[in-house]
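K.L.:
Next input, structure requested:
(4 chains)
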There are 2 protein chains.
Amino acid sequence: MLKHAAVDRVFRALGDPTRRSILERISRRPASASELVRPMRVTLAAVVQHLQVLEASGLIRTEKVGRVRSCRVRPEGLEVAERWIAQRRAAWSERFDRPGRILEGRS
Amino acid sequence: MLKHAAVDRVFRALGDPTRRSILERISRRPASASELVRPMRVTLAAVVQHLQVLEASGLIRTEKVGRVRSCRVRPEGLEVAERWIAQRRAAWSERFDRPGRILEGRS
DNA sequence: GGATTTGTCAAGTGGCGACTTTAGTATCGC
DNA sequence: GCGATACTAAAGTCGCCACTTGACAAATCC
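P.N.:
Residues are numbered from 1 along each chain as shown, chains lettered A, B, ... in the order given. Below you'll find the model as predicted:
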């Protein structure tokens, strides 16, 4: 059923380049917050804030062991986005695939 | 190759609920700006601004005929998002599908 | 032609979001 | 224990973004 707010969080999360680059990084392999900062030119604090956004959106999962917080991708998180897109495609193609109905016109 | 800025524009565009509802509406059938305002509780000016964002991101195509600007979905626009997601999935599953390599560790 | 509909343009407002700095807390290595 | 590492929490700054208002332009309708 695709909850409005969930879709919102996911797409908003994906709308930031820093967050996407975090996702790109940890979809290859999990990483800690400080490992993630290294190649970037933002503060650790900024990265942690991004991690919070990503986790709230369901796109990543983090776990603190000892003093290090390790972050890994949550592949199911992307399904929210994928499903929304799939629904748009479905609605769009429905206009053409309907036998016995004319393209234009209502319904 | 998925240009950084293009991905940005698409996901940012999708990150707004009003814009998504515009997309949902016109993926069923094209509509004019004023038709789009009707069910919403924002100004026409706001809707037009959203349309500009959507068009700049490649998600819709608009065409002005007479005094009415009609908006239709541009299905290729979504491919940018789909490809980015697909690449994440690919990178993620690569960690497991690789025969002869151990899960953890570098490379 | 005159009123209405449909959209455009420009400017202003308010809030949120990305980021920083500063200060503090736990954990690890020696 | 001590220093360094790895975060956490709180506060402040700044710019952008969604939205409004108001004035204007151009089709369309009668």
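K.L.:
can you tell if stretch A:69-86 touches DNA strand D?
P.N.:
Yes. With C-beta under 7 Å from any atom of the strand as the criterion, DNA strand D is reached by stretch A:69-86 at A:R69, A:S70. All C-beta spots, glycine's among them, are computed from the backbone N, C-alpha and C.
K.L.:
list the contacts for the residue in chain A that DNA strand D sits nearest to?
P.N.:
Nearest residue of chain A to DNA strand D: A:S34, at 2.7 Å (C-beta to the nearest atom of the strand). Contact analysis of A:S34 by C-beta atoms under 8 Å, 6 or more residues apart in numbering or on different chains lists A:L44, A:V68.
K.L.:
Which strand or helix spans it?
P.N.:
Under the criterion of DSSP states H and E, A:S34 resides in helix A:33-37.
K.L.:
how about that helix, does it reach DNA strand C?
P.N.:
No. With C-beta under 7 Å from any atom of the strand as the criterion, DNA strand C is not reached by helix A:33-37; the gap is at least 9.0 Å.
K.L.:
contact partners of whatever helix or strand comes next after that helix?
P.N.:
Going down the chain from helix A:33-37, the next helix or strand is helix A:44-56, by DSSP H and E. Residues outside helix A:44-56 that contact it (C-beta under 8 Å, 6+ apart): A:9, A:12-13, A:16, A:18-19, A:22-23, A:33-34, A:36-37, A:40, A:60-62, A:69, A:71.
K.L.:
hmm, try it at 10 Å
P.N.:
A:9-10, A:12-14, A:16, A:18-23, A:26, A:33-38, A:40, A:42-43, A:59-62, A:69, A:71, A:73-74, A:77 (C-beta atoms under 10 Å, 6 or more residues apart in numbering or on different chains).
K.L.:
now swap in stretch A:13-21 and tell me
P.N.:
With C-beta under 10 Å, 6+ apart, stretch A:13-21 has contacts from A:12, A:22-23, A:36, A:39-42, A:46-47, A:49-51, A:53-60, A:77-78, A:81, B:4-5, B:7-16, B:81, B:84-85, B:88.
K.L.:
Thanks again, I'm all set now.
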